[in-house]
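A.B. asks: Below are the sequence and a predicted model for it; my questions follow.
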Amino acid sequence: MNVMNARLSVMMFLQFFIWGGWFVTLGTFLATTLAASGGQVGMAFATQSWGAILAPFVIGLIADRFFNAERILAVLHLLGAVLLYQLYRAADFSAFYPYVLAYMMVYMPTLALVNAVAFRQIKDPALEFSRIRVWGTVGWIVAGVVISFVFAWDSQQSIAAGGLRNTFLMSALASLLLGLYSFSLPSTAPLKTAAGSSSLKQMLGVDAWGLLKDRSYLVFFLASILICIPLAFYYQNANPFLAEIGVTNPTAKMAIGQVSEVLFMLLLPLFIHRFGIKIALLVGMAAWALRYVLFAFGNNDDQAFMLLIGIALHGVCYDFFFVSGQIYTDAKAPERFRSSAQGLITLATYGLGMLIGFWIAGRITDHFTSSAGHDWRSIWLFPAGFSVAVLLCFWATFKSRDRDKAVLPSAV
C-alpha cells in the first residue's frame, strides 16, 4: 500500500469506528437505559435518514463547487464530537432526540465526503477503492470488540447500570481525532465548470439527478431505496434481538459481519469483473433474504449456528450491493459532479429507503410485541419476504448495457 492509500485508509478507519462505536448498540441503549418504545427507537434511527436526505445538497455545495472536501470533513467531525458528548449526557429520550437528529445531519454528509476524497486521490477506483474502504470495516470491527471485550459495556450487568452510555463518549473522542486528522488529508479542491462558474443547480447537486435519465441507473436507484427498507430492520433490531435471547457479547459477535465484510470487500472487484454488476447486486439482495430467514428460525441453543451464519452474511449483504453501487455510481457520473452523485446514492440508501424502513420496522416491532416479549420470528420474516420481492423486481427490470461496460470496463 502506498503512502496516499495508507492516509486514506486511516480516514476510513476512523470514519466507521465513530459510527460503529455507538450505532450498533443504539437500540439496546434506548430500550433499556432510556426506556424508549419501539416507535421512539425507530424515530432515533430515522435521524440518519434525514441526514442522508440532506447530504446530496450539502455535498453539491461543499465538495463539487465551493469548499475543499477535506476541510469540510474536518469541521463536520469537530462539530460531531460536541454533539456526541451531548448524547453521552442526555438523561431521557426527549433530551436525547434533538442531539441525535443534529448529529446525523452533521455525520451523514461525511459518508459521501470520505468517498469523494478517496475517489479523487486514486487512479483506479474499481481496483483500489475496496482496498481503502475495507479499513472502514476494520474500524467498525474494532469498535465492537472494544465495547464487548475491553469494557464489556454490552454485558447484562453493564447494560442495567447504563454502561452503554459510554459508547457516545468513546465516539466523541474518535470524532475529535478524525476532525483534526482531516486537516492533514490531501487537498480535494472543488471541480469548476469550464467557465469556472457554478450555477445554483450545480451547487445544490441537482446535476447528479440527471443520472436518473439512464434507465439502468434509474432501476438501480429505485432498488437501492427499496432494499434499504429491510436493511433498517437489521440496524434497529439485531442487537436488541441478540441481547434479549441471551447471546453473550452480542456487539462483538455482530462484528463477525464486519469480518466477513473485509473478506468480501477484497473479493468484490474480481467478482464484478467476472460476473458483472447485475449479478453482484442480485447476490447482495439474496443475502438479505437468507439472513432474515436464519434469524427467524435460529435461537441461542441448538440453532445458534443459524444466528452466526446470518451475522456473517453481512459481508455479502453490504459489499455486493452498497459498495458495488458506489463503484457503479462513480463510473456512471461525469467527473464534474461525481461527489454529488455519491451524495445522491447516499440519499437513496441511507436517506429515503431507511427513513421508510425505520418507520416500518418500529411499527412491525411494536405490533409483534406483548407483555411476554417480542415475537422475533414474525418480525424477521417480514423483511425476508420484502427482500425477495425487491430481488425479483430488480432481476426482471435491470439491464446491463454496452455503454455501461464502456464506462466501467472492469466492473460491469
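C.D. replies: Received the coordinates, thanks. Numbers count the residues shown, from 1 in each chain.

A.B. asks: What's the separation between the residue lying closest to Thr248 once chain neighbours are set aside and Trp22?
C.D. replies: Nearest non-adjacent residue to Thr248, counting by CB to CB, 6 or more residues apart in numbering: Ser155, 8.0 Å away. For the C-beta atoms, the positions are set from N, CA and C on the backbone; glycine is no exception. Separation of Ser155 from Trp22 (CB to CB, to the nearest Å): 17 Å.

A.B. asks: For the two, indicate the residue with more neighbours.
C.D. replies: Trp22 (26 against 18; other CB atoms under 10 Å).

A.B. asks: what pLDDT does the more buried one get?
C.D. replies: In this model, Trp22 is scored at 97, pLDDT.

A.B. asks: For the stretch 51-200 of the chain, which segments count as helices?
C.D. replies: Using DSSP state H, counting those that start in this stretch, the helices of the stretch 51-200 of the chain run over 69-89, 93-121, 125-145, 156-160, 166-182, 200-203.

A.B. asks: and of those helices, who's closest to Gly315?
C.D. replies: Smallest distance to Gly315 across these (CB to CB): 8.3 Å, for helix 125-145.

A.B. asks: Just want the most central residue of the protein.
C.D. replies: For the chain, Tyr350 is the residue whose C-alpha lies nearest the centre (CA atoms, centre = their mean; 6.6 Å).

A.B. asks: What ranges in this protein fall below the confidence cut-off?
C.D. replies: Residue ranges of the chain with pLDDT under 70: 1, 55-65, 126, 191-206, 339, 400-412.

A.B. asks: Dump the helices of the stretch 51-200 of the chain into CSV; add mean neighbour count as well.
C.D. replies: Below are these laid out as CSV (neighbours: other CB atoms under 10 Å):
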stretch, mean neighbour count
helix 69-89, 21
helix 93-121, 23
helix 125-145, 22
helix 156-160, 13
helix 166-182, 21
helix 200-203, 15
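
A.B. asks: Which among the ones you listed is found nearest to Phe17?
C.D. replies: helix 125-145 (3.5 Å).

A.B. asks: Using PDB, write out every CA atom in that closest one.
C.D. replies: What follows is helix 125-145, C-alpha atoms only, in PDB (Å, rounded to 0.1, in the frame of the first residue of the first chain):
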ATOM      1  CA  PRO A 125     -11.300   3.200  -8.300                       C
ATOM      2  CA  ALA A 126     -12.600  -0.200  -9.300                       C
ATOM      3  CA  LEU A 127      -9.400  -1.800  -8.100                       C
ATOM      4  CA  GLU A 128      -8.200   0.500  -5.300                       C
ATOM      5  CA  PHE A 129     -11.300   1.800  -3.600                       C
ATOM      6  CA  SER A 130     -12.300  -1.500  -2.000                       C
ATOM      7  CA  ARG A 131      -8.800  -1.900  -0.500                       C
ATOM      8  CA  ILE A 132      -9.200   1.500   1.100                       C
ATOM      9  CA  ARG A 133     -12.800   1.200   2.100                       C
ATOM     10  CA  VAL A 134     -12.100  -2.100   3.800                       C
ATOM     11  CA  TRP A 135     -10.300  -0.200   6.600                       C
ATOM     12  CA  GLY A 136     -13.600   1.400   7.500                       C
ATOM     13  CA  THR A 137     -14.900  -2.000   8.100                       C
ATOM     14  CA  VAL A 138     -11.900  -2.800  10.300                       C
ATOM     15  CA  GLY A 139     -12.700   0.400  12.300                       C
ATOM     16  CA  TRP A 140     -16.300  -0.800  12.800                       C
ATOM     17  CA  ILE A 141     -15.000  -4.200  14.000                       C
ATOM     18  CA  VAL A 142     -12.500  -2.700  16.400                       C
ATOM     19  CA  ALA A 143     -15.300  -0.500  17.900                       C
ATOM     20  CA  GLY A 144     -17.400  -3.600  18.600                       C
ATOM     21  CA  VAL A 145     -14.500  -5.500  20.100                       C
END
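
A.B. asks: tell me which strands and helices it is in contact with?
C.D. replies: For helix 125-145, the packing partners by 3 or more CB pairs under 8 Å, 6 or more residues apart in numbering; DSSP states H and E come out as helix 3-20, helix 93-121, helix 250-275, helix 324-332.

A.B. asks: right, so of those, which gets closest to Gly27?
C.D. replies: That would be helix 250-275 among these, by CB to CB, at 10.9 Å.
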